[in-house]
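Chemist: Following is a predicted model, sequence given first.
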Amino acid sequence: MALRASALETGQPANLEVATGRAGGDGNVESGAFLVTLAEAVARWHWDEVAALREEGRARLGAQQTSDAILVASGFNGITRVADAIGIRLDQRTADASADFRDSVGISAFAPQEKWQA
């Protein structure tokens, strides 16, 4: 499976707007729509849905890839929750460097702009 930078090697850059709901489909990522559904179930703590999707993922992607996808979704979800809970904001350099990317995929719509700056 390819995401963002690695997808450039295939000649089909990933459309990350799929992850924020601004676009549909697979986003030029193998099983992208499935991975978004899986990540959303993890983020919402819908464990019965995660269990069902895990079985589907094993058939679709394989056991290791499915386990990896759940681990990555869980990790990012946890890191974000901790950062939000303790008030961590992006440093100015990161905020400036990621502004266009955040706007292009719709991430900026999820929080007030002051959240992105220290």
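Modeler: Received it, and whenever you're ready, just let me know what you need.

Chemist: Show me where the chain has its strands.
Modeler: For the chain, applying DSSP state E gives no strands.

Chemist: Flag the shaky bits of it, pLDDT-wise.
Modeler: For the chain, the stretches flagged by pLDDT under 70 are 1-8, 111-118.

Chemist: who touches the most centrally placed residue in the chain in this structure?
Modeler: Closest residue to the average C-alpha location of the chain: residue 19 at 5.6 Å, with Cα atoms, centre = their mean. By Cβ atoms under 8 Å, 6 or more residues apart in numbering, the contact set of residue 19 is 27, 36, 39, 105. To be clear about C-beta, it is placed using only N, CA and C from the backbone, and glycine gets the same treatment.

Chemist: And the helices in the chain?
Modeler: Counting by DSSP state H, one finds helices in the chain at the ranges 4-8, 17-20, 32-43, 47-60, 63-86, 92-105.

Chemist: Mind giving me the packing neighbours of the last one?
Modeler: Helices and strands touching helix 92-105, as assessed by 3 or more Cβ pairs under 8 Å, 6 or more residues apart in numbering; DSSP states H and E, comprise helix 17-20.

Chemist: same deal with the longest one?
Modeler: Counting contacts by 3+ Cβ pairs under 8 Å, 6+ apart, the secondary-structure elements packed against helix 63-86 are helix 32-43, helix 47-60.

Chemist: Which one, of these, ends up nearest to residue 100?
Modeler: When these are compared by Cβ to Cβ, helix 32-43 sits nearest residue 100, at 22.0 Å.

Chemist: Which parts of the closest one count as buried, going by neighbours?
Modeler: Using 16 or more other Cβ atoms under 10 Å as the test for burial, helix 32-43 gives 32, 34-36, 38-42.

Chemist: And for residue 24, nearest residue in space, chain neighbours not counted?
Modeler: Leaving aside its sequence neighbours, residue 24 sits nearest to residue 18 (Cβ to Cβ, 6 or more residues apart in numbering; 6.9 Å).
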